[in-house]
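# Build me a structure from this.
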Amino acid sequence: MDDLAGKHAVVTGASSGIGKAIALLLAEEGVNLTLCGRNKEALTALAEEARTTGVTVRTECADFSDPKQLNALATTLCADSEPVHILIH
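Purely as a prediction, here's the structure:
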């Protein structure tokens, strides 16, 4: 992979499966993460695991089938001072 260290990735569906696996691989590459999913407990556990690599991780619990939650997440990401370099959706 190209040098991804210090970049910021948003990973949706991160609470399990492929999203979780991608998030952990990105963390190993030094990518800071915003983890999105419906399962708050699973996101919290994944965030703790990813932080052991030294990256910054935050979680956003959202159900993308609800337009209000999706819009709230988009507003949060747009207001963030750290740009999104990678989107895994």
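
# For this structure, which segments count as strands?
8-11, 32-37, 57-61, 86-88 (DSSP state E).

# Grab the nearest non-local neighbour of R51.
Leaving aside its chain neighbours, R51 sits nearest to V57 (5.3 Å; criterion: C-beta to C-beta, 6 or more residues apart in numbering). Any C-beta I mention is one placed from the backbone N, CA and C, and that applies to glycine too.

# show me the residues around that neighbour that make contact.
27, 32-35, 47, 50-51 (C-beta atoms under 8 Å, 6 or more residues apart in numbering).

# right, and the pair among those with maximum separation?
Using C-beta to C-beta, the contacts of V57 reach their maximum pairwise distance at T34 and R51, which is 13.1 Å.

# higher neighbour count, those two?
Between T34 and R51, T34 has the larger neighbour count (other C-beta atoms under 10 Å), namely 24 against 13.

# Report the beta-bridge partner residues of the nearest residue in space to the more buried one that is not next to it in sequence.
Of all residues not flanking T34 in the chain, V10 sits nearest, at 4.6 Å (C-beta to C-beta, 6+ apart). The residues listed as beta-bridge partners of V10 by DSSP bridges are T34, L87.
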